[in-house]
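Participant: below are the sequence and a predicted model; questions follow.
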Amino acid sequence: MARTAKTRKTPAKSQQQGGPSDDSDFALHSLQEAFEKAKVYDASEDEMMEFYRQMLLIRRFEERAGQLYGLGLIGGFCHLYIGQEAVAIGLQSALDNDKDSVITGYRDHGHMLAYGIDPKVIMAELTGRQAGISKGKGGSMHMFSTEHKFYGGHGIVGAQVALGGGLALAHKYNEDGGLCLAYFGDGAANQGQVYETFNMASLWKLPIVFVIENNQYAMGTSTARSSAETEFYRRGTAFRIPGMDVNGMDVLEVRAAAEVAFKHVREGNGPVLMELNTYRYRGHSMSDPAKYRTREEVQDVREHKDPIEGLKKVLVDKGKSEDDLKAIDKEIRKIVSEAADFSENSPEPEASELYTDVLVEEY
């Protein structure tokens, strides 16, 4: 005798007002459509020159950091940002530095330079000197500057996302008009705490932009092998967070996407999830030989998608001479060389420094 299928009753939706479920018109691609209409930021010549200069500063700084690591002057881990420069510059150039906050993982040198923080104090931190921005105790992975509203530099994969949610909650609670820019990688995107933060950020309409810097390999495993959903901008769908798919190798496209995303958040609409597709030329850290990919693959990206060379071509097409751009490179190399000399000649922290900034004594 055949069984009669039972009709499962669907429970009524909550009738409470104000929750994100009230928005029956939610669409994942709502911001993507706006972005596609103006995908290239209409930058002035001065802005483009500044983007070029800042990306070149990150590139030359990181190259020098790699050299100092090889000489044994940088201890511990050292994660370089070479290849990903357009992400930090494109996004952070659109921030309000008086209001907004930034938090990221341990690949953090580039984000600090994008904030305009002195290369000398960053290099001094890398080499463990008292003059470093964390007084030599943070090193490559744990830089911090409350003055600039830069809250790390975090070594625990994905932890910065939950902390970024807290920063966004503080912005909303204090009604200061700021937003939090929370960076994390494609590897961290599979962390449970990331999704807990997505849920609360959407529920409370927190002013936060989640940025997945998808450099394709996490620590050393291709996203195709480690992630069931490799279109990371879709990851917020279940939490009604609109996603944006952005070419992270084009600084003008990144800046255009930032304009759309930041406007959405500042208008009180809650969080945005941006996937910035980018590529790191070096291994996960300086100790990584990166044997999981071919030299030909890396070289192809360098030759055809490099963010600095891409902007350089735009500038040349607009009339800038090779000599003008070479002069900027010469200036940047001088700045980086001075930063390296400063760090090497700065004293190490006193032993008493071990006891400072360890715990909060007053609440």
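Facilitator: That came through, no problem.

Participant: low-confidence ranges, the stretch 1-150 of the chain, go.
Facilitator: Flagging of the stretch 1-150 of the chain using pLDDT under 70 yields the residue ranges 1-29.

Participant: swap the cut-off to 50 and go again
Facilitator: For the stretch 1-150 of the chain, the stretches with pLDDT under 50 are 1-18, 20.

Participant: quick one: the strands in it, in order.
Facilitator: Taking DSSP state E, counting those that start in this stretch as the test, the strands found in the stretch 1-150 of the chain are 101-103.

Participant: do the stretch 201-350 of the chain as well
Facilitator: Remark: strands assigned in the stretch 201-350 of the chain by DSSP E, counting those that start in this stretch are 208-214, 243-247, 272-277.

Participant: which residues are contacting stretch 44-60?
Facilitator: Defining contact as Cβ atoms under 8 Å, 6 or more residues apart in numbering, one finds that stretch 44-60 is touched by 43, 81-82, 85-86, 88-90, 93, 109-110, 113-114, 119, 251-252, 255, 307-308, 311-312, 314-315, 318, 320, 325, 328-329, 332-333, 335-336. C-beta here means a position set from N, CA and C on the backbone, and glycine is covered the same way.

Participant: quick check on those: which are buried?
Facilitator: Using 16 or more other Cβ atoms under 10 Å as the burial test, the contacts of stretch 44-60 include 43, 81-82, 85-86, 88-90, 93, 109-110, 113-114, 119, 251-252, 255, 307-308, 311-312, 314-315, 320, 325, 328-329, 332, 335-336 as buried.

Participant: in helices, which of the residues you listed fall?
Facilitator: If you go by DSSP state H, the buried ones among the contacts of stretch 44-60 have 85-86, 88-90, 109-110, 113-114, 119, 251-252, 255, 307-308, 311-312, 314-315, 325, 328-329, 332, 335-336 in helices.

Participant: ok, K305 touching N277?
Facilitator: No. Assessed by Cβ atoms under 8 Å, K305 is found out of contact with N277, at 9.8 Å.

Participant: buried ones in the biggest helix by length in the chain, by neighbour count?
Facilitator: For the chain, the helix reaching the highest residue count under DSSP H is reported as helix 45-70. Neighbour-count burial for helix 45-70 flags 48-49, 51-62, 64-66, 68-69 (criterion: 16+ other Cβ under 10 Å).

Participant: same question for stretch 240-252.
Facilitator: Buried residues in stretch 240-252, counted by 16+ other Cβ under 10 Å: 240-252.

Participant: which strand or helix spans the residue positioned nearest the centre of the chain?
Facilitator: Within the chain, the residue whose C-alpha comes closest to the C-alpha centroid is Y183; the distance, by Cα atoms, centre = their mean, is 3.9 Å. Mapping Y183 onto the secondary structure by DSSP states H and E places it in strand 180-185.

Participant: and that strand with helix 85-92, angle?
Facilitator: 160 degrees (axes from the mean of the first three to the mean of the last three Cα atoms, to 10 degrees).

Participant: quick check: mean pLDDT across strand 180-185?
Facilitator: Per-residue confidence for strand 180-185 averages out to 97 on the pLDDT scale.

Participant: now do that strand against strand 208-214, angle only.
Facilitator: 20 degrees.

Participant: give me the residues contacting strand 180-185.
Facilitator: Residues beyond strand 180-185 that count as contacts (Cβ under 8 Å, 6+ apart) turn out to be 91-92, 95, 100-105, 107, 111, 157-158, 160-161, 163-165, 167-168, 171, 194, 206-215, 218.

Participant: just checking: what are the partner strands of it?
Facilitator: strand 101-103 (parallel), strand 208-214 (parallel) (DSSP bridges).

Participant: need those in CSV with mean neighbour count and distance to G178, can you?
Facilitator: Converted to CSV, the strands paired with strand 180-185 look like this (neighbours: other Cβ atoms under 10 Å; distance: least, Cβ to Cβ, whole Å):
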stretch, mean neighbour count, distance to G178
strand 101-103, 27, 6
strand 208-214, 28, 10
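
Participant: ok, which of those strands comes nearest S352?
Facilitator: With distances scored as Cβ to Cβ, the stretch of the strands paired with strand 180-185 nearest to S352 is strand 101-103 (28.9 Å).

Participant: next one: the closest residue to A257 other than its chain neighbours from P307, what distance?
Facilitator: Residue nearest to A257 in three dimensions, not counting chain neighbours: V246, with 4.4 Å by Cβ to Cβ, 6 or more residues apart in numbering. Taking Cβ to Cβ, to the nearest Å as the measure, V246 falls 12 Å from P307.

Participant: residues contacting M200?
Facilitator: G165, L206.

Participant: mind checking the SS state of it?
Facilitator: The assignment at M200 comes out as helix when based on DSSP: H, G, I helix; E, B strand; the rest coil.

Participant: could you report the separation of it from P271?
Facilitator: As for M200, its distance to P271 is 10 Å (criterion: Cβ to Cβ).

Participant: intersection of neighbour lists for the two?
Facilitator: In contact with both M200 and P271: L206, using Cβ under 8 Å, 6+ apart.
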